[in-house]
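>>> Dropping the sequence and predicted coords here.
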Amino acid sequence: MTGVKPHEPACLNTLSVTRLFTEHAKIEAELRARNVIRSANSPVGDYAETLFCTAFGWQMQGASVKGYDALDSENVRYQIKARKLNSEKTSRQL
């Protein structure tokens, strides 16, 4: 980014839509490389799975496993859901 030091965030409102999508794709690729997310879906669900599996010591299942996302040490299955809240919607229901 021209004129922006590597440690300073870019002013997003000055970037073109094309550039925003380009940066978004780069961020998703980096999050995948760091094993934070594992799909091209919204990163919220993938991140929640990572957090829960780390916190509870669960074994994360592959993205192709249907019906559950993780197993605990006793092979109990867990399906993990998450939702990103935004200021435009006031509902807290999943």
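Yep, that arrived. The structure displayed is predicted, hence computed values, not measured ones.
>>> I'd guessed Ser39 sits against Asp69; true?
No. Using CB atoms under 8 Å, Ser39 is not in contact with Asp69; the gap is 11.4 Å. Just so you know, the C-beta spots here come from the backbone N, C-alpha and C atoms, and that holds for glycine as well.
>>> From the neighbour counts alone, determine which of the two ranks first.
A side-by-side neighbour count of Ser39 and Asp69, using other CB atoms under 10 Å, places Asp69 first with 21 against 12.
>>> Nearest spatial neighbour of that one, chain-adjacent residues omitted?
Ile80 (4.6 Å; CB to CB, 6 or more residues apart in numbering).
>>> Count the neighbours of the one you found for me.
Using other CB under 10 Å, Ile80 has 17 other residues around it.
>>> got it, and Asn41?
If we define neighbours as other CB under 10 Å, then Asn41 has 11 of them.
>>> and it, how far is that from Lys66?
Distance, Asn41 to Lys66, using CB to CB, to the nearest Å: 15 Å.
>>> now Leu31
From Leu31 across to Lys66, the span is 24 Å (CB to CB).
>>> Cool, thanks, talk later.
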